[in-house]
Every structure is written in structure tokens, then in C-alpha cells.
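Enquirer: Sequence plus the predicted model coming up.
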Amino acid sequence: MRNRGGIQGVASSPILVGAVTILIVIVAVFLAYNANNGLPFVSTYNLKAKVPNADALVKGNEIRIGGVRVGVVKSVVPVQEANGRVAAELTLSFDQSAEPLPVDSKVTIRPKSALGLKFLQVTPGDSSEGFEAGETIPLTAYAPEPVDIDEFFDMFDEPTRKAIRQNQAGFGNALAGRGPQLNEGIGALRRLAVSAGPVLRTIVAPSTDFDGFWRALEDISATVAPVAETQASLFVALDRTFAAFARVSRPYIQETIEKGPRTLDAVNADLPAVRPFFRSSARFFTALKPGAKAIGETSPIIAEALHAGIPVLNASPVLNNQLQPTAEALVDFQEAAGVFNGLDLLIDTNNLLKPALQFIAPAQTTCNYVSLAFRNLANANSQGNADGKWLNFITYEPPEGPNAESGPASAPANGPGRSNHLHFNPFPNTAAPGQPKAQGCEAGNERYLPGQTVIGQAPVWGTTTRDTTGK
């Protein structure tokens with residue numbers, strides 16, 4: 001009876017009942033507030049994980065395995081790797097049921113709703129080894145999704161929505177008033193479907209590996225995901241490009257499209273006739289290659305000639321002004337009496353002198369004998385040695401022996417001494433027509449052979465003479 005009275009005393013005290021109620025409410029609020037961070041006095045399995053980008057993951061977000069909540073994210077802080085890149089380090093608090101997490105597990109940040117809430121998805125591996133409490137899941141375990149739902153909706157920003165509205169307005173204007181054409185297009189769809197049946201059967205046949213095409217397309221999408229910003233800038237540049245095209249679409253591009261079929265018809269009609277010209281042009285340019293190569297090698301000389309020709313061209317008007325009176329004087333001279341008779345006599349004279357000139361001319365043009373003779377004649381009285389000038393008398397002792405040059409002789413000198421031998425070439429080669437080129441310009445180049453009598457051709461020092469032009 002005393003205990004019941006004590007209980008009734010407590011229950012009958014409003015102050016004690018209120019105090020107990022407030023305490024229970026405070027404990028419930030505390031537990032509810034910390035529910036996302038784990039219940040107090042409950043042991044947990046704590047790990048850390050590194051991801052390249054936290055991707056809006058915040059403290060208190062859930063950790064899920066197979067869609068079941070197994071923990072919470074305690075903190076998200078940026079860290080710098082050894083290579084200088086910045087990553088995010090997550091502090092994870094798992095339930096004891098998740099311990100130990102296999103070392104080959106994968107982590108992925110996934111959207112929980114379209115409003116942007118995220119959670120950390122953990123895909124356990126099949127390794128027999130697990131992470132110890134406090135260890136860090138490496139950066140290589142992060143397996144991002146190619147595109148999240150929030151990233152998909154993020155592309156519909158204000159400029160994109162505005163552009164979509166403009167496109168829809170443009171499509172509506174494009175379809176307005178084109179009902180007959182649309183009906184014809186819908187009627188043609190049946191024929192298209194009938195014709196496309198065999199094509200589609202070929203596409204879905206196992207031999208075409210059509211599913212492999214989509215797998216490859218998925219791989220390509222995953223590959224280009226890191227360059228999404230670059231692709232976005234590409235579309236921005238394309239927008240500017242098409243805007244520029246829009247400014248010239250009417251009438252320029254429109255007229256070009258309208259005239260395109262007629263142009264193609266004309267090209268189809270003319271190309272067969274032009275084809276032989278192209279073939280001949282190909283052969284022409286093939287034959288022109290050696291000449292073009294030679295022109296490239298001689299281009300410096302051609303350039304010098306062009307530079308030298310400029311003064312000549314500048315002076316050519318003066319010459320042209322003088323040509324007309326000169327031509328008129330020549331015409332008057334031609335019409336004068338006796339000119340043709342003189343020309344006939346001149347032609348006869350040239351015909352008579354031609355054989356002699358052909359034989360004598362090489363003596364000067366090739367051997368330079370005439371110039372050397374006049375030069376030696378001019379220098380004969382001005383040059384010499386210590387005994388006198390070449391035209392002065394110098395006494396020499398003639399050679400002695402039979403038929404020597406010191407007295408009458410009945411035969412050519414022929415010894416017995418080394419100096420008593422005759423050397424004489426009455427008809428030396430002078431590069432005249434019919435004479436061997438190997439012995440041209442023989443006169444003046446003969447070698448003196450001591451102790452031998454040489455009459456006629458003798459060994460020569462060379463087949464050229466001294467140049468007197470000063471070059």
C-alpha cells in the first residue's frame with residue numbers, strides 16, 4: 001500500500017510529470033536530429049574514400065549497398081594529390097553489417113532525386129581481403145556514371161530553353177501551309193516501310209553485330225564525356241556559324257540551291273567533253289615537269305636577266321622611235337638603182353670567199369692566232385731581255401755539223417750533235433675543217449725534241465692558245 005501511494009504521489013505531481021515529458025521529448029529530438037549521423041552509443045565501421053569530384057555530395061548523405069542504407073557520409077573535404085590534382089576525401093561511417101568491405105569494391109556518386117540530392121553507392125567486390133577500419137578506399141575505386149539525371153536536366157538552362165522555343169516556332173512556321181506536301185510524305189512512308197523491311201532485317205541479323213554498334217557508341221560517349229565543355233563550345237561556335245548563314249540565306253544561299261540542279265545537269269553534259277582535255281592536260285604537265293625543274297634551277301639567272309632587262313625595256317621606246325626612220329631609209333636604199341646588182345656581186349664574192357673563210361676562220365676563232373700575231377708584233381720592239389730587244393740583232397753561235405743551219409745544206413740537219421737537228425712543221429693543224437680536233441691549234445704548241453730530227457707533226461704541249469680578251 002505504501003508503494004502504490006508513492007507512485008500515485010509522483011503521478012499526481014504535475015511538475016514531475018511535466019519534467020519527465022520534457023526530458024523524453026528532448027531525447028527524441030536529439031535522436032531524430034542525429035539519426036542521419038548515426039545513433040549514439042552504436043558502434044560503426046569507419047572508412048575514408050577518395051573521389052575525383054564530390055559532385056555535390058555533402059555531409060549526412062546516405063551510403064547504400066544494393067539500394068539499402070548502410071551508413072552516412074560524415075564529412076567531405078578537398079585534398080591535393082601528389083601529382084598536384086585536387087580530389088575530395090570522404091569520411092564514411094558504415095553499419096557493422098558492412099564490415100569488412102572487400103578491397104576491390106567500387107564507389108559511385110549517384111543522384112537520389114531529380115532535385116539534386118545525392119548518395120554514395122558502394123558496389124562490394126569479391127575479394128577475400130577487406131579494408132581495416134580507418135583505411136582509405138583509393139581513387140582508382142571510383143567508377144563514375146557517364147551522365148547523371150541532374151547533369152541531363154542541367155543542359156536545359158535558360159539559353160537552351162530560349163533556343164528550344166525559337167526552334168519550335170521555326171518548325172511551326174516551316175510546317176504551316178505545307179499540308180499537301182505532308183500528306184504526300186505520309187503516303188510515301190508506306191512505300192518506305194515496305195522497302196525498309198529487307199534493310200532492317202539485314203541490320204538486325206547476327207552477322208551485322210548491330211548490338212556491338214550500340215556498345216561501341218556507348219564507349220564513345222563515355223570517352224567524350226571528359227570533353228563535354230569543349231563540345232559545348234563547339235555548339236556555341238556552330239550557333240554563330242549558322243547565324244551567319246541565316247543572314248545570307250536569302251537570296252544568296254536560296255538562289256544557289258535553286259540553280260544547283262541546272263548546274264549539275266550542265267556539269268553532267270559537259271564533263272564527258274572536258275575529260276579528253278583533262279587527260280591531255282595531265283600528259284602536258286607530266287611532260288612539263290623536266291622544264292619546270294630546269295626553270296627552278298636557272299631561276300637565279302632568269303631573275304638577273306629580268307633585272308638587267310628593265311633598263312633595256314626603259315630605253316626601248318627611244319630605239320623604237322629610231323626604227324621607223326631607219327626602216328624607211330632601208331626601203332629607200334633598196335629602191336635605189338644599182339643596189340640589187342651590188343647585192344648580187346656581194347653574194348658572188350661571199351660564195352667565192354666562203355671555202356677560204358671556213359678554212360682560215362678557225363685559226364682566229366678557235367686558236368686566236370691573228371690576235372696573238374698583232375700582240376706579239378706590238379710588243380716586239382718593247383719587250384726583250386738583258387741582251388736587247390727582240391727586234392735588235394743578237395749574235396748566236398749556229399750549230400755545227402753536216403747540213404747545219406750555218407751554211408748550205410743538201411739534206412735536213414741530222415746530227416751528230418744534240419743541237420744540230422732540224423724541227424720543221426710546214427702544215428700545222430689550226431682547227432680547220434677536216435683536221436682532227438685532238439690536234440687543233442698545233443702551231444706554236446710543238447714540243448722540241450733534243451737529238452731528234454722532226455719534220456711534220458710533232459708532239460704538242462696542248463691544243464689551245466693564250467686568250468687575249470682579258471677574261
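Expert: Looks like it came in fine.

Enquirer: where along the stretch 201-350 of the chain do the strands fall?
Expert: Counting by DSSP state E, counting those that start in this stretch, the stretch 201-350 of the chain forms no strands at all.

Enquirer: what residue ranges in this protein score low on pLDDT?
Expert: 1-13, 16-17, 27-42, 114-115, 145-153, 380-381, 383-384, 387-396, 437-439, 468-471 (pLDDT under 70).

Enquirer: For residue 456, the count of nearby residues, please.
Expert: Number of residues near residue 456 (other C-beta atoms under 10 Å) recorded here: 9. From N, CA and C alone the C-beta is placed, and that goes for glycine too.

Enquirer: Sorry, slip of the keys, the one I care about is residue 465.
Expert: Per other C-beta under 10 Å, the neighbour tally for residue 465 reads 17.

Enquirer: show me the contacts for it.
Expert: 367-369, 372, 441, 444-445 (C-beta atoms under 8 Å, 6 or more residues apart in numbering).

Enquirer: Torsion angles phi and psi at it?
Expert: Dihedral pair for residue 465: phi -120, psi 180, per degrees, to the nearest 10.

Enquirer: taking the contacts of residue 465 one by one, which sit in helices?
Expert: The helices, defined by DSSP state H, take in 369, 372 from the contacts of residue 465.

Enquirer: Could I get the contacts of residue 465 in CSV, plus columns for neighbour count and distance to residue 231?
Expert: Listed next are those as CSV, based on neighbours: other C-beta atoms under 10 Å; distance: C-beta to C-beta, whole Å:
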residue, neighbour count, distance to residue 231
367, 24, 85
368, 18, 83
369, 19, 89
372, 16, 88
441, 23, 84
444, 15, 90
445, 19, 87
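
Enquirer: With distance to residue 271 added, can I get the contacts of residue 465 in TSV?
Expert: TSV is the format used below for these (distance: C-beta to C-beta, whole Å):
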residue	distance to residue 271
367	65
368	65
369	69
372	71
441	66
444	73
445	71
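
Enquirer: continuing past the strand ranked longest in the chain, what's the next helix or strand?
Expert: With residue count as the measure and DSSP state E as the assignment, the chain has strand 68-80 as its longest strand. As assigned by DSSP states H and E, the chain's next helix or strand after strand 68-80 is strand 86-94.

Enquirer: So which elements touch that following strand?
Expert: strand 45-51, strand 62-65, strand 68-80 (3 or more C-beta pairs under 8 Å, 6 or more residues apart in numbering; DSSP states H and E).

Enquirer: That one: which residues count as buried?
Expert: Buried residues in strand 86-94, counted by 16 or more other C-beta atoms under 10 Å: 88-94.

Enquirer: what's the single longest helix in this structure?
Expert: When the chain is parsed with DSSP H, its longest helix is helix 254-335.

Enquirer: still on that earlier bit, please save the CA atoms from the longest strand of the chain in CSV.
Expert: C-alpha atoms of strand 68-80 as CSV (Å, rounded to 0.1, in the frame of the first residue of the first chain):
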residue,chain,number,x,y,z
VAL,A,68,19.9,-0.5,-48.8
ARG,A,69,21.1,2.3,-46.5
VAL,A,70,24.3,1.0,-44.7
GLY,A,71,25.8,4.3,-43.4
VAL,A,72,26.2,8.0,-43.8
VAL,A,73,28.8,10.4,-45.1
LYS,A,74,30.5,12.1,-42.1
SER,A,75,32.4,14.8,-43.9
VAL,A,76,33.6,15.9,-47.4
VAL,A,77,36.9,17.8,-47.6
PRO,A,78,39.2,18.7,-50.6
VAL,A,79,42.7,17.2,-50.7
GLN,A,80,45.6,17.7,-53.1
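
Enquirer: Please point out which parts of it sit buried.
Expert: So strand 68-80, judged by 16+ other C-beta under 10 Å, has buried residues 70-74, 76.

Enquirer: Next: stretch 442-455.
Expert: Neighbour-count burial for stretch 442-455 flags 442, 445-446, 453-454 (criterion: 16+ other C-beta under 10 Å).

Enquirer: Kindly indicate which of the residues you listed lies nearest residue 142.
Expert: residue 445 (97.6 Å; C-beta to C-beta).

Enquirer: Can I get the helices and strands packed on strand 86-94 in CSV including distance to residue 401?
Expert: As requested, those are arranged in CSV below (distance: least, C-beta to C-beta, whole Å):
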stretch, distance to residue 401
strand 45-51, 121
strand 62-65, 135
strand 68-80, 116
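
Enquirer: and residue 259, which of these is closest to it?
Expert: strand 45-51 (59.0 Å).

Enquirer: What pairs with that closest one, parallel or antiparallel?
Expert: Taking DSSP bridges as the criterion, strand 45-51 forms sheet pairs with strand 86-94 (antiparallel), strand 136-137 (parallel).

Enquirer: looking at those, which is closest to residue 333?
Expert: Residue 333 lies closest, by C-beta to C-beta, to one member of the strands paired with strand 45-51: strand 86-94, at 102.0 Å.
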